[in-house]
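Participant: what's the 3D shape of this:
(chains A and B)
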Amino acid sequence: MQCPESVRYLSAYVLDELALSERDAFENHLADCAQCSAELASFDSVKSVLNSWDDEALPASAAAHRERIRHLAEPLPKQDKASRWPLLNWWQWAPSAVSFAVLVLVFMDARFLVDEAGFSVSFGGLKNDASVFQMVDQMVDREELQQVIARLEQRQDQNTIALMQAVLNQARESSEANFQQLFAFFEQQRLNDLEQVRASYEQLAESDFETLRSLQQLASYVSFNEIVR
Amino acid sequence: MGCVKGLFNPDRFMGTIIDEDQALVAAAVKGSKQAWIDLVARYESRIYNQALRLTGNSADALDLMQEVFIGIYKNLHRFRGESKFSSWVFRIVHNKSIDLARRWRPPVENKPSEETDQLARLPAVASDEPDEQLAQEQMNAQVQVLLGQLPIEQRLIIELKLFQSQTFEEIGLAQDISENTAKTRFYSALKKLKDLLEKNYAMP
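Facilitator: Numbers count the residues shown, from 1 in each chain, chains lettered A, B, ... in the order given. Here you go, the predicted model:
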């Protein structure tokens, strides 16, 4: 029969898990209990057998292993590089690349068209365009849509008329201003002309006066010569 | 009288040369063959002896050692120096020994008669051998035979706790088990070794 103290404390003692007070208590118990101290002695004998291990030198047969291990270093940089770039060779990544490209073309519904003008690549299907046209046709057929379009057109006309009126108003206003400017310009021009005419008349009168005086001088000269002769 | 503690700690003397390990690793990664050879020379004895305890015979130990070095060499560029190189190396020893144990020796039912037969073939006390080296080899052989009776998981935990003086927390992390599981597994292994030894000595 096993000592109950052994069951409770021996493993903890062997594993060095006991608190200091528990450890002291168990060591006191060991002094009195032959069974527990024998059990512990067995554990100590295991320890002493394992402790008897002394590192051995490698046997003579290790030469071949040792040589192989040393030669591992030969391709070290190469292997290191290869492990960092596992897909360095084209024949390793090319199949994956081709598969990926085909997958992309299939998903994007790509088409290659070849005609006399050359070739063209397009993405997306004709069926999409056809369905859009069909949908538009259906909408046009509806009477409601026609009415909506009519109202839209009417409103568009109104907008156009309003716009044209606005344009005309603006044009009229600007024309009015232009006429006034033109009138002012003509008026100014007329006044200038009158002024010029007046100046001309004055000049003419003056020259006439001078002519008259010259005639008078000539007449007096002639009369004088006649008198002298 | 005392509890079972680390028998010897291989890293105890290695504190000053950890940096040297890292320097050798860095040089070997850059392609220095000499650095690799130095690294192998520094670790081959330790790995061989770990392998000997884990496999139980010299031929398997050499094969395991070679596999471990291949593993080290292939993963050398991944060693970042976050842990001790010796711990990192033992993780490889650990994984390779489990692989070897499963590949070469599928788990079989333990037969007590064979165990005791194996132990009985060994001399119980080796100190009276004239040849000191032979005596040492026989002591080592006894350890190997004893450990050979344990499943690989228990062998590894004895290796980690008793030969490498790791804490249960470290063992739990290394083996991906809880600390308590590590303790239970270790105690079970010790108890089994104790029973085996008692049977051996009890034989006439």
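
Participant: And the next helix or strand past the worst-scoring helix or strand of chain A on mean pLDDT?
Facilitator: Lowest by mean pLDDT, DSSP states H and E among the helices and strands of chain A is helix A:76-84, with a mean of 50. Once helix A:76-84 ends, the next helix or strand along the chain (criterion: DSSP states H and E) is helix A:90-107.

Participant: same question for that next one, mean pLDDT?
Facilitator: The average pLDDT within helix A:90-107 is 84.

Participant: now it, how far from the centre of its chain.
Facilitator: Offset of helix A:90-107 from its chain centre (CA atoms, centre = their mean, to the nearest Å): 27 Å.

Participant: For the longest helix out of those in chain A, name the packing helices and strands.
Facilitator: Longest among the helix segments of chain A by residue count, using DSSP state H, is helix A:143-228. Helices and strands touching helix A:143-228, by 3 or more CB pairs under 8 Å, 6 or more residues apart in numbering or on different chains; DSSP states H and E: there are none. All C-beta spots, glycine's among them, are computed from the backbone N, C-alpha and C.

Participant: Relative to the whole chain's centre, how far out is that helix?
Facilitator: Relative to its chain's centre, helix A:143-228 lies at 63 Å (CA atoms, centre = their mean).

Participant: do stretch A:48-60 as well
Facilitator: The chain centroid and the centroid of stretch A:48-60 are separated by 69 Å under CA atoms, centre = their mean.

Participant: Using CSV, write down the CA coordinates of that stretch.
Facilitator: Written as CSV, here are the backbone C-alpha positions of stretch A:48-60 (Å, rounded to 0.1, in the frame of the first residue of the first chain):
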residue,chain,number,x,y,z
SER,A,48,22.0,9.2,-11.3
VAL,A,49,21.8,6.8,-14.2
LEU,A,50,20.9,9.5,-16.6
ASN,A,51,23.5,11.7,-15.0
SER,A,52,26.1,9.1,-15.9
TRP,A,53,25.9,10.1,-19.5
ASP,A,54,29.1,11.5,-20.9
ASP,A,55,29.3,12.9,-24.4
GLU,A,56,30.8,10.4,-26.8
ALA,A,57,33.1,11.3,-29.7
LEU,A,58,31.7,10.7,-33.2
PRO,A,59,32.6,7.1,-34.3
ALA,A,60,34.9,6.4,-37.2
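
Participant: And for that stretch, what's in contact with it?
Facilitator: Contacts of stretch A:48-60 with the rest of the structure, by CB atoms under 8 Å, 6 or more residues apart in numbering or on different chains, involve A:66, B:7-8, B:44-46, B:48-49, B:52-53, B:58, B:62, B:136-137, B:139-140, B:142-143, B:146, B:158, B:162-163, B:193, B:197.

Participant: Fine by me, we can end here.
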